[in-house]
Every structure is written in C-alpha cells, then in structure tokens.
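Peer 1: sequence plus the predicted model coming up.
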Amino acid sequence: MQGHFDETLVTTANDLPGYRVVRHLGMVRGVVVRSRSILGTIGASLQTIVGGNITLFTELCEKTRQHAYELMIQHAAERGANAILAMRYDANEVMQGVTEVLAYGTAVQVERIP
C-alpha cells in the first residue's frame with residue numbers, strides 16, 4: 001500500500017504538534033554507500049591548502065544525505081506512512097574513502113487534531 005507522504009511531516013522530535021499518531025509502522029531507513037572520486041579527492045586536497053570550507057566534500061556529503069533521505073521517504077511511503085518521527089542521520093566509514101550514510105526514523109500514520 002502506497003501512502004501519501006508529506007515531507008513537511010518529517011521531524012527529529014518524537015511527536016508532531018497538532019497531529020496524533022494513529023498507527024506505528026516501524027523503522028524505515030535509506031542507506032547510501034559512496035566513495036570519493038580520485039579527481040574529487042585531489043580537488044579537495046588542493047582546497048585544504050587554502051583552508052576553510054572544503055566545498056567539494058560539502059557538496060558530496062549533502063548529496064549523499066539527500067539521497068539517503070529520499071530513500072527513507074520512499075521506504076516510509078511504501079509502508080503506508082504519511083509522516084516520520086525521530087528522524088536521524090548516521091555515517092560510518094566502510095573502508096578508506098568509502099562512507100555509508102544512513103537516514104532513519106519511525107514511520108507513522110498521523111491525522112490532524114481538530
């Protein structure tokens with residue numbers, strides 16, 4: 001069953017003010033494993049010489065988190081959820097230069113409190 005998912009109903013909190021949980025659907029997650037390209041690593045290494053924000057890695061991290069987030073949303077919608085509570089990110093280095101990014105939370109069905 002595919003649920004209608006409203007991305008504004010994703011929160012790191014354990015509840016949504018103005019809504020009540022009518023059904024818990026369990027944990028959902030999106031996992032992405034990415035490696036840095038050789039060119040990206042060289043470019044980022046050059047940026048470290050100057051100092052400051054390493055934009056190549058920042059962009060890679062942001063894209064990877066967004067992809068994991070989208071997979072989590074898809075997983076929740078497939079389970080019939082319309083919201084996610086207690087959403088979190090986690091990241092682990094699988095091997096040198098390869099990182100796993102996990103977006104996870106509790107899929108729920110909520111309804112607006114009248």
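Peer 2: Yep, it's here.
Peer 1: from now on I want contacts and neighbour counts done on CA atoms only, so please keep to that.
Peer 2: Noted.
Peer 1: quick check: closest non-adjacent residue to the residue positioned nearest the centre of the chain.
Peer 2: Geometric centre of the chain, nearest residue: Y69, 2.8 Å, by CA atoms, centre = their mean. Among residues not flanking Y69 along the chain, A103 sits closest, at 5.5 Å (CA to CA, 6 or more residues apart in numbering).
Peer 1: which of the helices or strands spans that neighbour?
Peer 2: Assignment of secondary structure by DSSP states H and E places A103 within strand 98-112.
Peer 1: helix or strand: which one has V28?
Peer 2: Here V28 sits within strand 19-35, counting by DSSP H and E.
Peer 1: name the helices or strands packed onto the longest helix seen in the chain?
Peer 2: Identified as the longest helix of the chain according to DSSP state H is helix 55-78. When contacts are defined as 3 or more CA pairs under 8 Å, 6 or more residues apart in numbering; DSSP states H and E, helix 55-78 packs onto strand 19-35, helix 38-50, strand 83-95, strand 98-112.
Peer 1: buried stuff in that helix?
Peer 2: Across helix 55-78, burial judged by 16 or more other CA atoms under 10 Å covers 56-57, 64-78.
Peer 1: now do the buried residues in the strand holding A103.
Peer 2: Neighbour counts over strand 98-112 (16+ other CA under 10 Å) mark T99, E100, V101, L102, A103, Y104, G105, T106, A107, V108, Q109, V110 as buried.
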